[in-house]
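A.B. asks: Could you work out the structure for the sequence below:
(3 chains)
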Amino acid sequence: MFLEISLGIILVVLALIVVLQNKPLKAIILSGAFSASAAITYFFIGAPDVAMAEASIGAVFTTFVYIVALKHSGKLRVGYIDQAGLIKRGAHGYEGVEYELLKLFSEDRAMSLEMKKIDSFDSIEKLENFDIICGGMVESTFSGKLRDFMLIPYLETNIFKTKKGEKLDLVRIKNLVLSGQISPQDIDQNTKEFTKYVFLISKESEDVGKALTDFLQNLDKKIFNDIVRRNLG
Amino acid sequence: MRFKNLLIVISTIIVCLVTIVSLTDIPTFKISFEEFERIIEETNSLNTVTAYYLNYRLYDTIFEIFVFTLSIYGVVFFLNSVPSIEKHVPFNDPVMNFYSKFAFIISIVAAIYIALVGHLSPGGGFVAGIVAGTGMMIVSLTKNIDEIKDQFKIENISSYEKLILLSVILLTIFPVLIGKRSFQNFLPLGKTGRILSAGFIPLFDLLIFLKVMFGSWSITFYFIKHRGVV
Amino acid sequence: MIILICSILITFIGFIGTILKKNLILKMLSVGVMNTGVITFFVGLSYRSGKAAPIIDKLLKNQQDLADPIPQAVIITSIVIGFAVLTFSLVYIMLLTSRRSTMDVKRIEGETDES
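C.D. replies: Residues are numbered from 1 along each chain as shown, chains lettered A, B, ... in the order given. This is a model prediction of the structure:
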């Protein structure tokens, strides 16, 4: 009697846990555990035949099939603008802060990344077949202007004015100085403006935006600082 | 939206409670030992579950095998329209390479044993097929896709499957030719407790074992071919 | 009896999950939970007749309290068939997601949030 009650309670609780999961990989592993405990239950209540079938199928084979099917479950279409330090295609594949953040996010969600290069900012309003657009987007440039996109900030930065009157952000200025296109004297040090780097998320893929906001909020500060330090110094 | 979800949950809970209350109406059957003795006398199968699904309810089991075959065909057909991955990366670990072969042999031997003693102890064709399929899955995780193709002769497997399906159908209608009813256990029953007893039950167990083994193996192969190893 | 009550609870938990989940993989996992609940119901039915496994030992002359073999024989074939059909639906989900690049039912059907 006690055996029945405890096994039944274990089964019901495991079923609840499996159904309440929101991440597919965790749910698959837990459903394997659920099948295994169901097999134990069947063995103790006089059905060894059914127990063997359930153990070999539910706990082993189904888990394998689910995991293989889950791999690349959906693509994240990313449009990017080359920006060294943030996102750039190097000799060993992509590198940069934004790429590493997107990679962690896609691994968390079991999605694959589909990267495509965009040449300039100008045609962004026409680009509707992207989920995420990134590459040194600054919040103050876009706030209130884009109707089809939502902005997700992830990193603070400063905006400087050059003597020609252009507004440039920190990373962009650093890249331009390093490549020798402008000299450090051209930069007006006094006109600092605080703003943030953002991901642009298409309004059509609103759920991706919500998930990315959650992911960035829950991301370990240590990992985030490590990524930033490694790429931007 | 939230209101709709709440409505669904509440109505499901009400239906659930009604079902639980109405459980008390289900009658309990006590089966006497004479019933079991009659089953053993008629089929010579000590495992009465096997006696039911391979002798008394054989008609049902045959059509379940049909459903299994059809869904495997569906899997293969639909997976062929997915482009296969170009670069196949297997686990390349010497320890894994050695022990996967070992595990393969053990699982095949265990599967044949489980299939053959299906009428004496728990087991039977379905479980044995899945056990052998798991062994093949472990081996194929460590090999390249071309190696797997060469080793297991994948192009022959679908013809083997058709052959097994045909022989299952022939076995069920063969008794008509020798003057008995179809689906009747026409082979000699033998001595109780031997492996070669209980008429055609071990034969059907072996056929179902091969059928499920090839089926689960082709699921594994096409999943790995078109999706890659984890 | 307790096993029967638990099996019905599991079945309805899976049912609620099947309806309310948005991700297709999680939906299929909930269907799997429902399937296990139904199997548990049948095994529980056979357990009402007796507590021992329905496998006869030929040395023992009079075994009592054996479970009913018929529900077990009915459900044992359906486990394997359920596995094959589940694989088939997973392949179909894979095709759907490779064309639409998402697993969310709402995005596949192009719905908007009504609330």
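
A.B. asks: What is the least confident helix or strand in chain B?
C.D. replies: Lowest on mean pLDDT, DSSP states H and E among the helices and strands of chain B sits helix B:145-152, with a mean of 75.

A.B. asks: Quick check: buried residues in the helix or strand that that helix is followed by?
C.D. replies: Per DSSP states H and E, the first helix or strand lying C-terminal to helix B:145-152 is helix B:154-177. For helix B:154-177, a neighbour-count test (16 or more other CB atoms under 10 Å in any protein chain shown) marks B:154, B:157, B:161, B:164-165, B:168, B:171-172, B:175 as buried. Yep, even glycine has a C-beta here, placed from its N, CA and C like the rest.

A.B. asks: quick one on the thing from earlier: and the least confident helix or strand of chain B, what does it pack onto?
C.D. replies: The contact analysis (3 or more CB pairs under 8 Å, 6 or more residues apart in numbering or on different chains; DSSP states H and E) places helix B:145-152 against helix B:201-227.

A.B. asks: Distance from the chain centre to the helix it packs on, please.
C.D. replies: Chain-centre distance of helix B:201-227: 8 Å, with CA atoms, centre = their mean, to the nearest Å.

A.B. asks: now the angle from that helix to helix B:145-152?
C.D. replies: Interaxial angle, helix B:201-227 versus helix B:145-152 (axes from the mean of the first three to the mean of the last three CA atoms, to 10 degrees): 160 degrees.

A.B. asks: Show me where the chain dips below the pLDDT cut-off.
C.D. replies: I'll assume chain A. Low-confidence segments of chain A, defined by pLDDT under 70: A:71-75, A:85, A:109-112, A:119-129, A:136-148, A:162-167, A:184-192, A:203-207, A:232-233.

A.B. asks: my bad, chain C
C.D. replies: Counting by pLDDT under 70, chain C shows low-confidence ranges at C:59-61, C:98-103, C:106-115.

A.B. asks: could you pull out the helices for it?
C.D. replies: Residue ranges of the helices in chain C, as given by DSSP state H, are C:2-20, C:24-47, C:69-100, C:105-109.

A.B. asks: Looking at the buried residues of helix B:154-177, which is nearest chain C?
C.D. replies: Of all the buried residues of helix B:154-177, residue B:161 has the smallest distance to chain C: 12.6 Å, by CB to the nearest CB.

A.B. asks: who touches the closest one in this structure?
C.D. replies: By CB atoms under 8 Å, 6 or more residues apart in numbering or on different chains, residue B:161 lies in contact with B:69, B:72, B:211, B:214-215, B:218.

A.B. asks: Any chance of CSV for the residues you listed, columns pLDDT, neighbour count and distance to residue A:195?
C.D. replies: Formatted as CSV, the contacts of residue B:161 follow (pLDDT from 0 to 100; neighbours: other CB atoms under 10 Å in any protein chain shown; distance: CB to CB, whole Å):
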residue, pLDDT, neighbour count, distance to residue A:195
B:69, 88, 19, 63
B:72, 88, 24, 58
B:211, 89, 24, 66
B:214, 88, 23, 62
B:215, 87, 28, 59
B:218, 85, 22, 57
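
A.B. asks: filter these by proximity to chain C?
C.D. replies: The subset of those within reach of chain C, by CB under 8 Å from any CB of the partner chain, is B:72, B:215.

A.B. asks: So which of the contacts of residue B:161 is the closest to chain A?
C.D. replies: Chain A has its nearest neighbour among the contacts of residue B:161 in residue B:215, at 11.1 Å by CB to the nearest CB.

A.B. asks: which residue sits closest to that closest one, ignoring its sequence neighbours?
C.D. replies: Using CB to CB, 6 or more residues apart in numbering or on different chains and skipping the chain neighbours, the partner closest in space to residue B:215 is residue B:72 (4.5 Å).

A.B. asks: so that neighbour touches residue B:212, yeah?
C.D. replies: No: assessed by CB atoms under 8 Å, residue B:72 is found out of contact with residue B:212, at 9.6 Å.

A.B. asks: Give me the common contacts of these two.
C.D. replies: Common neighbours of residue B:72 and residue B:212, counting by CB under 8 Å, 6+ apart, are absent.

A.B. asks: ok, back up a step: would you mark the buried spots in the least confident helix or strand of chain B?
C.D. replies: So for helix B:145-152, counting by 16+ other CB under 10 Å, buried means B:145, B:148, B:152.

A.B. asks: and which of these is nearest chain A?
C.D. replies: The closest of the buried residues of helix B:145-152, once distances to chain A are taken by CB to the nearest CB, is residue B:145, at 13.7 Å.

A.B. asks: For the longest helix belonging to chain A, enumerate the helices and strands it packs against.
C.D. replies: As assigned by DSSP H, the longest helix anywhere in chain A is helix A:24-44. The contact analysis (3+ CB pairs under 8 Å, 6+ apart) places helix A:24-44 against helix A:2-20, helix A:48-54, helix A:62-70, helix C:24-47.

A.B. asks: Minimum distance to chain B: which of these has it?
C.D. replies: The nearest among these, by CB to the nearest CB, is helix A:48-54 at 3.8 Å.

A.B. asks: For residue B:120, pull up the helix or strand it's in.
C.D. replies: Going by DSSP H and E, residue B:120 is not in any helix or strand.

A.B. asks: For whatever residue of chain B ends up closest to chain A, report the pLDDT, please.
C.D. replies: Per CB to the nearest CB, residue B:122 is where chain B lies closest to chain A, at 3.8 Å. Note for residue B:122: predicted pLDDT of 84.

A.B. asks: Tally up the residues packed near it, please.
C.D. replies: Look at residue B:122: counted by other CB atoms under 10 Å in any protein chain shown, it has 21 neighbours.

A.B. asks: Spit out the contact partners of the residue lying closest to it once chain neighbours are set aside.
C.D. replies: Using CB to CB, 6+ apart and skipping the chain neighbours, the partner closest in space to residue B:122 is residue A:48 (3.8 Å). Residue A:48 sits next to A:42, B:122, C:53, C:55 when contact means CB under 8 Å, 6+ apart.
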